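**Q** here is a sequence together with a model predicted from it:
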Amino acid sequence: MTSLLSGPEGVTAGPDGALWFTSNGGVSRLSTGGVITNTWSVESTVSAIAWAYGAVPSDIIAGPDGALWFDLGFGEVEQNKSFGGIARITTAGVLASYGNGSPVASLTFGPDGAIWFAWASGCHGGSACLYDGQPIGRLTTAGVYSYSGGSTQSRAGVMSHVASGRGWKSSMYVLNPSATPVNITVNFWADDGSALTLPVTLTTTGGSQVYGGQASLNAAIGPYATVLIDSGSQDKTAVSGWAEVLSSAPIQGYGVFHYTSLKGIQSEGTMPLDTTFESSFLLPYDNVDGFQTGLALANLNASAPAMIAATIWDEYGSQLAVQTINLPVGGHTSSMLSDLLPATTVNRGAIQFRSISGGNITGLGLRVDPLGGITWVPKLPSAR
């Protein structure tokens, strides 16, 4: 017999009549004649898939597609190398990985032809410990993850403006600041409060997944890991709205707006992910000497329209105007301030946005220089 890469962990009957098993070195095949073939080793494919130092694949199952499926084991969080997820290997040794940023356990194929699994943590002795409150996961043979059950998700962050197309692109970086995996759902909402469908690329520690049109997506974020969500270019059509992040635990992050002008000039503005939700806020503005301030507003109330009072002051503290802005349920608006609030034209100062109908609102400003460059203008706390 050929020597083992290391002690076996999981074993299953393969579609080729042999036994397949995992070890802390990779995946091996054992023929009924007692011949072991080290089909795939960790060291030989480090550059081919996301792998964690100290990872030990354990569960392995035979799939209805004629391939073997196994978990990617547990990594050392201290080294920030914990990737996790599930991989597929054919009987010819062709490997594909589907990283999800978190360790998994207890793989099984369901009656729907997909893999179902539980979340797991690396415990002492190499055993698997289930995380309390984590959902049951599902992976299709096409590599698409989804989740059900587990801890209740609630709104943990908001990106109050998303723009895509005609030179605009938006990105969102979501960070898990804890030692426990976090599951998030990102929802995109249009100006009228309906679901906003965008081409999206989701990048995790296990690789990138491209979606042709998505109004909502799920992701698992491993301990101290970050996921990137990019809106694709709509090319001829410009769309805008806002995005919310639902999470099973606190998260952090930031958004990036990227603009390419018709002359090819590129600029970016960044903003932290909004994690505090209030009924009012202040926004500085500057529409003097060729500078302009843009505004985005979102109604965070999912059950009622928002009536927002905008009180405008100039730089000397003189009140210039009070104007009402109406947003539908879950609605959004974006505009240059001088178009939406004419009193701000050729002025600088501050604006208080206050919901007079109840419910929370959020927003942001974009400062545009005379050459078209952009930067973020933060919202500030407001006395109610």
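**A** Nice, I can see it.

**Q** any stretches of this structure with poor pLDDT?
**A** Low-confidence segments of the chain, defined by pLDDT under 70: 1-7, 24-25, 38-56, 73-84, 99-103, 119-135, 144-152, 206, 233-236, 384.

**Q** switch to 50 and redo it
**A** 1-5, 42-54, 75-83, 121-133 (pLDDT under 50).

**Q** please enumerate the strands of the stretch 51-200 of the chain.
**A** 60-62, 68-71, 85-89, 95-99, 104-109, 115-119, 121-122, 128-129, 136-139, 145-148, 154-164, 168-175, 182-190, 198-204 (DSSP state E, counting those that start in this stretch).

**Q** flag every buried residue along the longest one.
**A** Of the residues in strand 154-164, those scored as buried under the neighbour-count criterion (16 or more other CB atoms under 10 Å) are 155-164. Heads up, the C-betas are built off the backbone N, CA and C, glycines and all.

**Q** and that strand, what does it pack onto?
**A** Applying 3 or more CB pairs under 8 Å, 6 or more residues apart in numbering; DSSP states H and E, we find strand 154-164 packed against strand 168-175, strand 198-204, strand 226-231, strand 239-247, strand 252-260, strand 292-299, strand 332-336, strand 361-368.

**Q** rerun at 7 Å
**A** strand 168-175, strand 239-247, strand 252-260, strand 292-299, strand 361-368 (3 or more CB pairs under 7 Å, 6 or more residues apart in numbering; DSSP states H and E).

**Q** domain parsing for the chain?
**A** Listed by automatic domain parsing, the domain ranges of the chain are 8-148, 154-272, 280-377.

**Q** can you add distance to A383 and give these back as CSV?
**A** Formatted as CSV, the domains of the chain follow (distance: least, CB to CB, whole Å):
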stretch, distance to A383
domain 8-148, 38
domain 154-272, 21
domain 280-377, 8
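
**Q** returning to what we had before: need the winner for burial among the helices and strands packed on strand 154-164.
**A** Highest mean neighbour count of these: strand 292-299, a mean of 24 (counted as mean count of other CB atoms under 10 Å).

**Q** in its sheet, what does that strand sit against?
**A** Paired with strand 292-299 in the same sheet, following DSSP bridges, are strand 332-336 (antiparallel), strand 361-368 (antiparallel).

**Q** contacts for the first one next, please.
**A** The set of residues that contact strand 332-336 without belonging to it, under CB atoms under 7 Å, 6 or more residues apart in numbering, is 161, 189, 191, 240-242, 292, 294-298, 325, 327.

**Q** now do it and strand 239-247, the angle between them.
**A** For strand 332-336 against strand 239-247, the angle by axes from the mean of the first three to the mean of the last three CA atoms, to 10 degrees is 130 degrees.

**Q** the longest one too?
**A** For the pair strand 361-368 and strand 239-247, the angle between their directions (the same axes, to 10 degrees) equals 130 degrees.

**Q** ok and strand 361-368 relative to strand 154-164, angle-wise?
**A** On the basis of the same axes, to 10 degrees, strand 361-368 is oriented at 30 degrees to strand 154-164.

**Q** can you check the shortest one too?
**A** With the same axes, to 10 degrees defining the directions, strand 332-336 sits at 40 degrees from strand 154-164.

**Q** strand 332-336: how far from the chain's middle?
**A** 24 Å (CA atoms, centre = their mean, to the nearest Å).

**Q** so for that strand, what gets flagged as buried?
**A** For strand 332-336, a neighbour-count test (16+ other CB under 10 Å) marks 332-334, 336 as buried.

**Q** S28: which of those is nearest?
**A** Using CB to CB, H332 comes nearest to S28 of these, at 54.2 Å.

**Q** separation between the closest one and S303?
**A** 16 Å (CB to CB, to the nearest Å).

**Q** which SS state does D339 fall under?
**A** Assigned with DSSP: H, G, I helix; E, B strand; the rest coil, D339 falls in the helix class.

**Q** okay, it and M271: tell me how far apart.
**A** Distance, D339 to M271, by CB to CB: 21 Å.

**Q** was I right about A309 contacting T324?
**A** Yes - contact between A309 and T324 holds when scored by CB atoms under 7 Å: they sit 6.0 Å apart.

**Q** how deep is the closest residue in space to S338 that isn't next to it in sequence tucked in, by neighbour count?
**A** Nearest residue to S338, sequence neighbours excluded (CB to CB, 6 or more residues apart in numbering): T345, at 4.3 Å. T345 has 14 neighbours, counted by other CB atoms under 10 Å.

**Q** surely T345 touches N287?
**A** Yes - the pair T345 / N287 is scored as a contact, 6.0 Å apart, by CB under 7 Å.
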